[in-house]
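**Q** this is a predicted model, with the sequence first.
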Amino acid sequence: MAKKIKRIIIGQSGGPTPVIDWEVAGMLAAAKKVGYEVYGAINGLEGILHADVPGNIVDLSNIDPRQFIYNGPGAGLKTTRIKPQQEQYKKMAQNLKKLKVDGIIYIGGNDSADQLKGLTEESDIRAIHAIKTVDNDLPATHHCPGFGSAALYNAIALKNVHNDFSSYMVRGRFPDGKIGVLNAPVVVYQVMGRKAGWLAQATAFARVDPMGQMDEDRAPHIILSKEVLFDKEAYLNELHDTITRLGQAVVVVQEDLTERKTKKSIAEVYGEVELDPHGNIQHGRATSFSPGVFLAQLAVKELKVEAVAKVKEAVLVPQHIQRSHSISQTDASEAYMVGCKSVETMESGVTRTSVVINKEGGKFVAGLTDLSNIARQERNVDNHYINGLNGPTQEFVDEFISCIGSPTAIPHYSKMIFTPVEFKG
């Protein structure tokens, strides 16, 4: 018979999501129902490692769960990027024993799941992993809490920045008398996503009409993600064709791409790389290689388009803004559901398990999978969902746009079609 749980501890690691605290709120609400005492580990496993430091372990038992709901985007329990060694796991296990904790719920992605797995190899504590990541790159789940909110921000931002920057497009006559584009605006928008292009592909939500159908001439026009090997000439050709057709272009790129010929990161091929403690290439830091800047430079320096005099470029790298600005109410509700399910799973006696989101009968419900199915595992966007550099298929939109709420969660603007006046000179 499983040991009766009296006290649990909650922590989280990796990048915050806009709804990570909704998961905590769900855990606190469910814990109250079953009578658990709840501790919080500030900075996740790092806080447990340094449990003797005042303030690293806090009592959440009597906190109103709404305190986390109304905290706004971010991580109320803070976070960590630690990659523990075996001796550190042993120390954590000792500290949890001293704290008289019976179970741990750890919120995070694949690295976090792997760390929780490592802890259970040094401790017999009951352990539940609750998924989260804006990257949406975890297997064994339909999607992840956090993805919908980041996707919503990017879709709205792209919709609006296209309206803004397209204002710079100027048509006129060249000295030889031919009509062309004197100023062609090109926006390059870089989204998060280290290993998979879910957020990049989801920027195509900006293209949909109120019924959810894509208009291919709406921005973004080109989407580059990890799933489509990067070829510089293919990119420049696609950009050439887009500007020739529309007089402008909006390009989306995730924070890393794989170069076609070498199968290496474009940061290694065209720049320099720095690695984080987990061996991942660093992105978004002041000294990091920026794919967005690289693509914009190509547009200015190497792109040649007949009947275009000049390319006016802009590079936008929202980085942390995309995961700290907007909250999809659907995303928040599902995060709360995952939080509640984590405690229910703990109470049922299960351990070394991840709480995921399954699609059943057209509805999304909380489900379970073995921790090993998440730990250090990744999931790319399925190839049948991607139409080359044009971005996702309509099938992708149909399957995942509910993560932002619905097609009406983004603004819908008129096309501003004017009747030209005949000029007689």
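**A** Received the coordinates, thanks. Numbering: from 1, shown residues only.

**Q** pull the residues that contact the worst-scoring helix or strand of the chain on mean pLDDT.
**A** Least confident helix or strand, the chain: helix 266-270 with a mean of 93, by mean pLDDT, DSSP states H and E. Defining contact as CB atoms under 8 Å, 6 or more residues apart in numbering, one finds that helix 266-270 is touched by 230, 256-259, 262, 273, 281, 288-289, 291, 294. No exception for glycine: its C-beta is placed from N, CA and C like everyone else's.

**Q** how about CSV for these, with secondary structure, neighbour count and pLDDT added?
**A** Output for the contacts of helix 266-270, formatted as CSV (DSSP: H, G, I helix; E, B strand; the rest coil; neighbours: other CB atoms under 10 Å; pLDDT from 0 to 100):
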residue, secondary structure, neighbour count, pLDDT
Phe230, strand, 23, 98
Asp256, coil, 24, 94
Leu257, coil, 26, 96
Thr258, strand, 18, 96
Glu259, strand, 17, 97
Thr262, coil, 11, 97
Val273, coil, 15, 77
Ile281, strand, 17, 76
Ser288, coil, 18, 83
Phe289, coil, 22, 91
Pro291, helix, 25, 95
Phe294, helix, 20, 96
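
**Q** send the alpha carbons of stretch 6-18 over as CSV?
**A** Provided in CSV are the C-alpha atoms of stretch 6-18 (Å, rounded to 0.1, in the frame of the first residue of the first chain):
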residue,chain,number,x,y,z
LYS,A,6,1.2,14.5,4.4
ARG,A,7,3.5,17.1,3.0
ILE,A,8,4.6,17.9,-0.5
ILE,A,9,7.0,20.4,-2.1
ILE,A,10,6.5,22.2,-5.3
GLY,A,11,9.2,23.6,-7.6
GLN,A,12,9.9,24.5,-11.2
SER,A,13,12.8,24.9,-13.5
GLY,A,14,13.7,26.2,-17.0
GLY,A,15,12.1,29.2,-18.7
PRO,A,16,8.9,30.6,-17.1
THR,A,17,5.7,30.5,-19.1
PRO,A,18,2.8,33.1,-18.9
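
**Q** mind listing what's buried in it?
**A** By neighbour count on 16 or more other CB atoms under 10 Å, the buried set for stretch 6-18 is 7-18.

**Q** same question for stretch 128-141.
**A** For stretch 128-141, a neighbour-count test (16+ other CB under 10 Å) marks 128-138, 140-141 as buried.

**Q** now, the residues you listed that are in helices?
**A** Per DSSP state H, helices hold no members of the buried residues of stretch 128-141.

**Q** can you pull out the strands in the stretch 151-300 of the chain?
**A** Assigned by DSSP state E, counting those that start in this stretch, the stretch 151-300 of the chain shows strands spanning 170-173, 179-191, 222-224, 249-254.

**Q** so which of those strands is the most packed in?
**A** strand 249-254 (a mean of 28; mean count of other CB atoms under 10 Å).

**Q** out of the strands of the stretch 151-300 of the chain, the one nearest Val34 is which?
**A** Nearest to Val34, of all the strands of the stretch 151-300 of the chain, is strand 179-191, at 39.4 Å by CB to CB.

**Q** show the average pLDDT along that closest one.
**A** The pLDDT scores in strand 179-191 average 97.

**Q** quick one: distance of it to the chain centre.
**A** 26 Å (CA atoms, centre = their mean, to the nearest Å).
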